[in-house]
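K.L.:
Take a look and give me a structure for this.
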Amino acid sequence: MISTVRELAAEALFVSDLQPSQCPSRETVEQTVTAMILRHGSDGCAAGVATEFGDHPEVAVRRMSWVHQELRNVMAAQRRPHFAS
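P.N.:
Numbering: from 1, shown residues only. Model (predicted):
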């Protein structure tokens with residue numbers, strides 16, 4: 001189940017307009033993933049990924065690498081303990 005959620009999050013971030021050059025915050029990534037899932041649904045996100053890999057595989061591979069790195073960063077940030085000031 002967890003891998004399915006991760007895959008859906010990756011597909012959602014992949015089809016978004018968010019770019020690596022924007023250096024998005026954790027909150028921005030999370031909001032973007034949610035917005036894309038609500039907008040396109042899981043099937044729509046998967047279809048968008050498939051289209052890009054079919055049309056522009058070299059670019060899609062780089063983007064998916066970035067997507068996975070961003071999601072790893074989000075997951076790592078969520079695991080860190082939050083201390084009150």
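
K.L.:
which residue sits closest to the residue positioned nearest the centre of the chain, ignoring its sequence neighbours?
P.N.:
In the chain, the C-alpha nearest the mean C-alpha coordinate belongs to Leu13, at 2.8 Å (CA atoms, centre = their mean). In space, and not counting its chain neighbours, Leu13 is closest to Val67: 4.8 Å by CB to CB, 6 or more residues apart in numbering. To be clear about C-beta, it is placed using only N, CA and C from the backbone, and glycine gets the same treatment.

K.L.:
Check what pLDDT the one you found gets.
P.N.:
Note on Val67: pLDDT of 98.

K.L.:
about what we covered before: residues in contact with the residue nearest to the centre of the chain?
P.N.:
Shown in contact with Leu13 (CB atoms under 8 Å, 6 or more residues apart in numbering): 29, 32-33, 36, 67, 70-71.

K.L.:
of those residues, closest to Pro20?
P.N.:
Pro20 has its nearest neighbour among the contacts of Leu13 in Glu70, at 8.1 Å by CB to CB.
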